[in-house]
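Undergrad: after the sequence you'll find the predicted model.
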Amino acid sequence: MKISLLLIAQFLLLISYSQRTPGSEPVNQKVTISGTIKDRRTAETILGASIYITELKQGTTSNEYGFYSLTVPAGTYTIQISYSGFTTEEDSIVLRENYKKDYHLSESTKELQAVIVSSSKKRSEIRNTEMSVNKLSVQTIKLMPVVLGETDILKSILQLPGVTSAGEGQSGFNVRGGSADQNLILLDEATIYNSSHLFGFFSVFNADAIKDLKLYKGGIPARFGGRLASVLDIYQKDGNREKFKVSGGIGLISSRLLAEGPINEGKGSFLVAGRGSYGHLFLKLANNKNSAYFYDLNTKFNYALNAKNKLYLSGYFGRDLFDLNGGFVNIFGNSFGNLRWNHLFSDKLFSNLSLIYSDYYYGLKIDALGFNWTSGIKNFNVKYDFKHYLGNSARLTYGLNAQYYQFNPGKIVPLDEESGFNISQLDKKYSFEPAVYFDADQNISKRLTVTYGMRYSMFYRLGKQDVNIYANNQAVKFNSNFGIYEKAVPIGKKTYGSNETIAKFNNLEPRLALSYAFNDAQSVKVSYNRMTQYLHLISNTSSPTPLDIWSPSDQFFKPQILDQWAIGYFRNFRDDVYSLEIESFYKKIKNKVDYIDGADLIVNNSLEQVILNGIGRAYGVELLVRKNSGALSGWLAYTLSRTEQKTPGRSAIEPGINNGQWYKSNFDKMHNVSITGIYKRNAKWTFGAIFTLQSGQPVTYPNGQYTYQDITIPDYGLRNGNSLPLFHHLDLSATLTPRKNKNRIWKSEWVFSIYNLYNRNNAASINFRQNSETGKNEAVKFSIFGIVPGITYNFKF
């Protein structure tokens with residue numbers, strides 16, 4: 001790692017030196033303007049704001065902490081500063097020397113404008129290399145109808161092209177055919193391992209505490225790694241530096257409360273947000289002893305030590321509890337803490353050092369079996385990132401990070417001596433994942449911009465552990481007599497001591513993106529990225545469950561490696577009132593984990609005995625048409641795609657899975673349509689509507705049956721050879737903001753929503769059984785939601 005950083009430093013020095021003329025000052029003097037973009041009302045920093053110089057037709061965007069830097073020839077310029085949902089600021093400035101200036105933006109107050117996307121911001125997006133990236137403002141998300149009226153970030157991103165889920169009430173999300181564990185979900189840079197509450201009914205993200213979110217589906221920057229499909233990068237609010245404020249909401253089954261304010265006369269700020277559900281209380285009123293609820297807490301503190309140094313401390317703690325009359329108790333949830341130090345070396349070099357702890361815990365008590373079960377994963381992460389603004393046409397991002405993992409696959413503790421269980425601990429696992437990276441963003445000409453980078457990742461699977469040894473190093477054997485795969489019997493064990501290397505891997509992960517702008521309104525972009533994933537979520541369900549186990553790569557679980565190519569056309573119409581994005585992608589995966597038939601994944605200390613390594617591929621076309629401003633705004637998203645996997649036999653006599661042929665993965669959905677509309681009728685009423693239509697999820701149906709000792713047994717066909725019925729629903733919302741809010745300290749609004757307006761019973765699953773009365777086989781459809789009304793009262797003061 002030291003050698004890599006040294007090479008990066010030398011590269012920077014060469015670039016800096018090449019910009020100087022020996023023995024004299026440059027003919028065209030260069031000056032740098034830098035500063036921070038903030039919200040005028042709260043002094044909250046704004047990330048992703050556009051800073052655009054109209055005379056040069058060049059610009060940049062503020063980084064994750066609101067900082068920007070532009071180096072230009074000395075002169076007089078007009079600078080436009082813009083961000084979605086805020087009014088555009090324009091500043092005429094004379095630059096003769098390096099200059100520091102902070103800008104403050106005001107939220108838009110135009111009554112008939114639901115969504116604001118400024119012209120300067122859209123020009124910047126057309127010309128930069130960023131593609132396969134979607135952003136949604138929290139203001140827009142709060143206007144979108146959802147189940148039971150609870151604003152849900154994860155449900156909102158499902159309305160974007162290329163993003164689907166396993167169905168209603170299912171946790172996680174799938175991007176371009178990837179599994180849920182292939183998404184890197186970050187909250188203030190910390191990894192979130194389970195993104196859902198109540199098994200998928202709600203997300204773990206409290207929208208009141210969120211400042212910004214961005215979903216990377218392709219063209220992923222080199223600073224991100226460790227997952228294949230996507231990066232969901234979410235940042236919490238810093239807290240109001242100007243005034244103490246309280247906001248919250250009361251819904252049918254959950255409520256939330258947030259407090260924020262300044263510290264030491266605006267040198268810092270704090271934010272504390274809590275949320276909880278109470279639907280289980282209604283069960284108790286009906287003398288029902290079952291219970292299901294969640295709660296979470298978001299915190300953030302920041303303090304400016306001086307003009308060049310800032311400290312941030314953020315955290316999250318969430319838990320879910322599912323209780324069936326005390327006999328079955330399930331508790332699970334995420335937590336994290338992150339301490340960050342921002343340092344400004346100069347007006348061109350910004351750095352951030354992060355110390356992060358993440359944890360996912362799962363606990364289960366079953367009285368009937370007499371035991372407690374606990375499992376989880378812990379993650380310690382150190383990151384040091386640099387953003388170097390070399391000039392107006394070149395920017396460099398580089399850094400390193402190192403992560404240490406502790407995996408607890410499961411521990412059983414008996415409830416009492418009569419349970420028949422002994423204390424049992426599945427082998428704990430440990431790993432270390434360091435990486436270094438750099439990304440260079442360069443304007444080759446006024447039309448051509450290129451971003452190129454490299455990530456070098458390493459992975460060390462560590463002891464202490466006893467590792468099974470198998471004949472021919474194959475933990476799965478093929479029984480040619482029965483034509484099935486079976487567990488192989490170990491022929492020995494090898495003992496590894498604490499921190500001794502069991503297996504190690506390293507991979508180069510190149511990233512490349514190009515943008516060719518025909519003008520300020522249209523461009524063509526292409527991208528390529530390689531990603532490596534060293535962690536595996538062991539699950540044979542289409543949607544993650546809390547009981548799923550994370551496992552590190554080793555000699556049997558090979559690292560998954562993805563190569564993805566994408567090309568797209570981007571166009572703005574009528575001064576950016578409308579925008580069009582068309583992208584096509586193709587990606588292939590090596591070492592994709594597949595399971596043998598009948599694989600047992602729970603309480604299995606030798607998971608390598610039930611897995612085979614295969615390959616995967618996904619390809620498709622995505623369309624996104626937006627109306628960005630006006631009383632009526634929204635978008636149409638359509639995805640046409642195919643996701644497949646193949647697990648061939650390891651020898652000529654082995655058939656593999658599905659005879660070694662390509663077959664649909666669990667996450668294949670050929671058609672995915674979403675229409676989102678937001679209509680701001682006036683200052684009092686705002687309406688939202690979403691129509692969703694998707695192809696049914698792949699499933700395996702029986703194609704015959706046989707009888708054994710008077711028992712009818714189904715005979716199943718090829719894996720994922722069938723599909724559930726078409727999935728669709730229409731949702732509506734109405735937000736009422738009383739006119740008297742304008743001159744009152746206490747401001748409020750009512751949000752009314754209807755999920756699944758026409759009461760469509762979408763199939764979550766179809767099960768086959770024998771009718772006890774007729775003796776005939778029958779298919780039974782299971783649905784989760786019919787029509788669901790919701791109402792929420794929001795307030796702030």
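TA: Perfect, I can see it now.
Undergrad: wait, Gly178 sits on Gly218?
TA: No: applying Cβ atoms under 8 Å, one finds Gly178 not in contact with Gly218, separated by 11.1 Å. Heads up, the C-betas are built off the backbone N, CA and C, glycines and all.
Undergrad: can you give me the strands in the stretch 201-350 of the chain?
TA: Under the criterion DSSP state E, counting those that start in this stretch, the stretch 201-350 of the chain carries strands at the ranges 202-203, 210-216, 230-236, 245-250, 254-263, 268-277, 291-306, 309-324, 328-344, 349-366.
Undergrad: Thr32 bridge partners, please.
TA: According to DSSP bridges, the residues that bridge with Thr32 are Thr71.
Undergrad: tell me the spacing between the residue nearest to Asp208 when sequence neighbours are not counted and Leu726.
TA: Beyond its immediate neighbours in the sequence, the residue positioned closest to Asp208 (Cβ to Cβ, 6 or more residues apart in numbering) is Leu258, lying 4.7 Å away. Using Cβ to Cβ, to the nearest Å, one gets 40 Å for the distance from Leu258 to Leu726.
Undergrad: chain neighbours aside, what residue packs nearest to the residue nearest the centre of the chain?
TA: When Cα atoms, centre = their mean is applied to the chain, the residue found nearest the centroid is Leu232 (2.6 Å). Setting aside the residues directly before and after it, Leu232 is nearest to Ile185 in space (Cβ to Cβ, 6+ apart), at 4.8 Å.
Undergrad: so where is the stretch 101-250 of the chain shaky, pLDDT-wise?
TA: Applying pLDDT under 70 to the stretch 101-250 of the chain flags residues 109-124, 169.
Undergrad: for the strands of the stretch 201-350 of the chain, give me JSON lines that also has distance to His104.
TA: Shown next, in JSON lines, are the strands of the stretch 201-350 of the chain (distance: least, Cβ to Cβ, whole Å):
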{"stretch": "strand 202-203", "distance to His104": "31"}
{"stretch": "strand 210-216", "distance to His104": "16"}
{"stretch": "strand 230-236", "distance to His104": "19"}
{"stretch": "strand 245-250", "distance to His104": "17"}
{"stretch": "strand 254-263", "distance to His104": "16"}
{"stretch": "strand 268-277", "distance to His104": "15"}
{"stretch": "strand 291-306", "distance to His104": "16"}
{"stretch": "strand 309-324", "distance to His104": "18"}
{"stretch": "strand 328-344", "distance to His104": "19"}
{"stretch": "strand 349-366", "distance to His104": "20"}
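Undergrad: of all those strands, which one comes closest to Asp466?
TA: strand 349-366 (24.0 Å; Cβ to Cβ).
Undergrad: which secondary structure elements does the closest one contact?
TA: Here strand 349-366 is seen to pack against strand 190-191, strand 328-344, strand 371-391 when contacts are counted using 3 or more Cβ pairs under 8 Å, 6 or more residues apart in numbering; DSSP states H and E.
Undergrad: now do the contacts for the nearest residue to Pro698 once chain neighbours are set aside.
TA: Of all residues beyond its chain neighbours, the one nearest Pro698 is Asn720 (3.9 Å), with distances taken as Cβ to Cβ, 6+ apart. Counting by Cβ atoms under 8 Å, 6 or more residues apart in numbering, Asn720 touches Tyr663, Lys664, Ser665, Asn666, Asp668, Pro698, Val699, Thr700.
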